[in-house]
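okay, structure incoming, though there's no sequence with it:
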Ligand code: GLA
């Protein structure tokens, strides 16, 4: 069990990356996101309704809410900030919604001690039919670098006839050539299995269709609720590691479609997956309960653990599942997940989670912020429907 858990050590990925793409840029790219990026993105809550006031307000709220102190760093404008290209091919921001320009907005975000991200698309148009970056990659990368962009999300709409590997490599190279370190967030929805080719191209890649603000809904166009995303990302654990993360999409925590237990389950799984934590709610208007979820430092520490392993499912009894993520200090993060609609008692044996039976281990409940004592065989807990109990199990010497 232990050897299986450690089969995909992240440093193996680093070695492969350096061999595939020798030289400083590959190593530098790896260091851009040694742990999963954390921040906020406008899309899930605001869609095309973006403006400089909104983005400034989000940056302000990241600071005042305590999210910045908890590790959230990037403020990312998604689609719809751009309206056209000028006669030189230069991308133009919406003058009504961003009258001060993108550079001034980036400066504001930086003045708060945060980093600034933006969105484009590999095709002729973005998903919301704004100009894409096709045939303008180098020009756009230079523009972004000049504005002070730190993060680019790069989408895949309107790309007929294009190849994902070529298109993402082109923008990746353009970003490197710009001379500014810019995190590259690949967003082709898992359509060409980016976990097999995107390491060294970008630091994170979307693994699924668009998340929806619901527990288990599905949309005909590919949108899906939290449960479906968890099931789809589950098998991708060998491909995550420092500098190259599976991205199960941005958080819906606090957007209203999930119960408190479901919000906690959603956040817990993203942490267990070592997923990027990009909040997607209205930060300026969130409830104390939502803020408490998004700033749970014990859960965030699991996400940001330097070992960088994606956790996985190790026991499945119908509605009752045990998921485990090995951590750098030898602890295991454990999720007891009740998928069912009735409260249920779940347990995880030490054998299941990769510890020798009889090992004494300290057990901490990461949502109750409580020590459950030193246990030797198993841990057991009652779990609410659709809920989780998330634990940190630390073997004692
Ligand atoms: C796609 C992406 C979303 C969002 C929209 C913007 O659907 O997957 O995350 O960026 O485009 O139009």
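It's in. Remember, predicted model here, so these are calculated numbers, not experimental data.

now the most centrally placed residue in the chain: how far from residue 81?
Among the residues of the chain, residue 276 comes closest to the average C-alpha position under Cα atoms, centre = their mean, at 1.8 Å. Separation of residue 276 from residue 81 (Cβ to Cβ, to the nearest Å): 20 Å. Where you see a C-beta, it was placed from the backbone N, CA and C, and this is true even at glycine.

on that earlier part again, per-residue confidence at the residue nearest to the centre of the chain?
pLDDT recorded at residue 276 is 99.

pretty sure it sits against residue 38.
Yes - using Cβ atoms under 8 Å, residue 276 is in contact with residue 38, at 7.1 Å.

please give the element, helix or strand, for residue 165.
helix 164-177 (DSSP states H and E).

just the mean pLDDT for that helix, thanks.
For helix 164-177, the per-residue pLDDT values average out at 98.

what's around the closest residue to residue 82 other than its chain neighbours, how many residues?
Nearest non-adjacent residue to residue 82, counting by Cβ to Cβ, 6 or more residues apart in numbering: residue 130, 4.8 Å away. Using other Cβ atoms under 10 Å, residue 130 has 20 neighbouring residues.

am I right that residue 130 is in contact with residue 83?
Yes - assessed by Cβ under 8 Å, residue 130 is found in contact with residue 83 at 6.7 Å.

closest residue of the stretch 251-397 of the chain to the ligand?
Closest residue of the stretch 251-397 of the chain to the ligand, Cβ to the nearest ligand atom: residue 280 (9.2 Å).

contacting residues around that residue?
Counting by Cβ atoms under 8 Å, 6 or more residues apart in numbering, residue 280 makes contact with 40, 41, 43, 44, 45, 250, 251, 252, 253, 255.

recalculate using a threshold of 7 Å.
Shown in contact with residue 280 (Cβ atoms under 7 Å, 6 or more residues apart in numbering): 41, 43, 44, 45, 250, 251, 252, 255.

what about the closest residue to residue 155 other than its chain neighbours, distance to the ligand?
Spatial nearest neighbour of residue 155, excluding adjacent residues (Cβ to Cβ, 6+ apart): residue 121 at 4.1 Å. Using Cβ to the nearest ligand atom, to the nearest Å, residue 121 is found at 8 Å from the ligand.

per-residue confidence at the residue nearest to residue 202 when sequence neighbours are not counted?
Excluding its sequence neighbours, the residue lying closest to residue 202 (Cβ to Cβ, 6+ apart) is residue 184, at 3.7 Å. pLDDT recorded at residue 184 is 98.

quickly list what residue 184 is bridged to.
Residue 184 has the following beta-bridge partners by DSSP bridges: residue 152.

so who does it touch?
Residue 184 makes contact with 152, 154, 172, 175, 202, 203, according to Cβ under 7 Å, 6+ apart.

at 8 Å instead, please
By Cβ under 8 Å, 6+ apart, the residues touching residue 184 are 29, 152, 154, 168, 171, 172, 175, 201, 202, 203.

quick check, nearest of those residues to residue 222?
Nearest to residue 222 among these: residue 154, at 18.0 Å, using Cβ to Cβ.

tell me the secondary structure for the residue of the chain positioned farthest from its centre?
Residue farthest from the centre of the chain, counting by Cα atoms, centre = their mean, is residue 87 at 36.7 Å. Under DSSP: H, G, I helix; E, B strand; the rest coil, residue 87 falls in the coil class.

repeat for the one 10 residues further on
Using three-state DSSP, the structure places residue 97 in coil.

does residue 186 touch residue 206 like I think?
Yes - using Cβ under 8 Å, residue 186 is in contact with residue 206, at 6.7 Å.

now do the shared contacts for the two.
Shared between the contact lists of residue 186 and residue 206 (criterion: Cβ under 8 Å, 6+ apart) are residues 194, 247.

residues in contact with the residue in the stretch 201-350 of the chain that the ligand sits nearest to?
Nearest residue of the stretch 201-350 of the chain to the ligand (Cβ to the nearest ligand atom) works out as residue 210 at 4.7 Å. Going by Cβ under 8 Å, 6+ apart, residue 210 touches 189, 222, 223, 224, 249.

look up phi and psi at it.
Here is the backbone geometry of residue 210 (degrees, to the nearest 10): phi -70, psi 130.

partners of the host helix or strand of residue 116, with directions?
Per DSSP H and E: residue 116 is located in strand 115-121. Strands that pair with strand 115-121, judged by DSSP bridges, come out as strand 74-76 (parallel), strand 151-155 (parallel).

quick check: which of those is nearest to residue 388?
The nearest among the strands paired with strand 115-121, by Cβ to Cβ, is strand 74-76 at 26.1 Å.

buried stuff in the closest one?
Residues of strand 74-76 classed as buried: 74, 75, 76 (neighbour count, 16 or more other Cβ atoms under 10 Å).

the first one reaches residue 42, doesn't it?
It stands for residue 74. No - using Cβ under 8 Å, residue 74 is not in contact with residue 42, being 11.6 Å away.

just the contacts of residue 280: which are in strands?
Assigned to strands by DSSP state E, the following of the contacts of residue 280 qualify: residue 41.

excluding chain neighbours, what is closest to the residue of the stretch 251-397 of the chain closest to the ligand?
Distances taken as Cβ to Cβ, 6+ apart place residue 44 nearest to residue 280, at 3.0 Å, with adjacent residues excluded.

got the residues of the protein near the ligand?
Residues of the chain lying close to the ligand by Cβ under 6 Å from any ligand atom are 43, 78, 79, 126, 127, 128, 155, 187, 210.

buried only: go through those for me.
Judged by 16+ other Cβ under 10 Å, buried ones among the residues of the chain next to the ligand: 43, 78, 79, 126, 127, 128, 155, 187, 210.

got the contact list for the third one?
What that stands for is residue 79. Applying Cβ under 8 Å, 6+ apart to residue 79 gives the contacts 43, 47, 48, 119, 121, 126, 127, 128, 130, 155.

can you add pLDDT and give these back as JSON lines?
Formatted as JSON lines, the contacts of residue 79 follow (pLDDT from 0 to 100):
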{"residue": "43", "pLDDT": "98"}
{"residue": "47", "pLDDT": "98"}
{"residue": "48", "pLDDT": "98"}
{"residue": "119", "pLDDT": "99"}
{"residue": "121", "pLDDT": "99"}
{"residue": "126", "pLDDT": "98"}
{"residue": "127", "pLDDT": "98"}
{"residue": "128", "pLDDT": "98"}
{"residue": "130", "pLDDT": "98"}
{"residue": "155", "pLDDT": "99"}
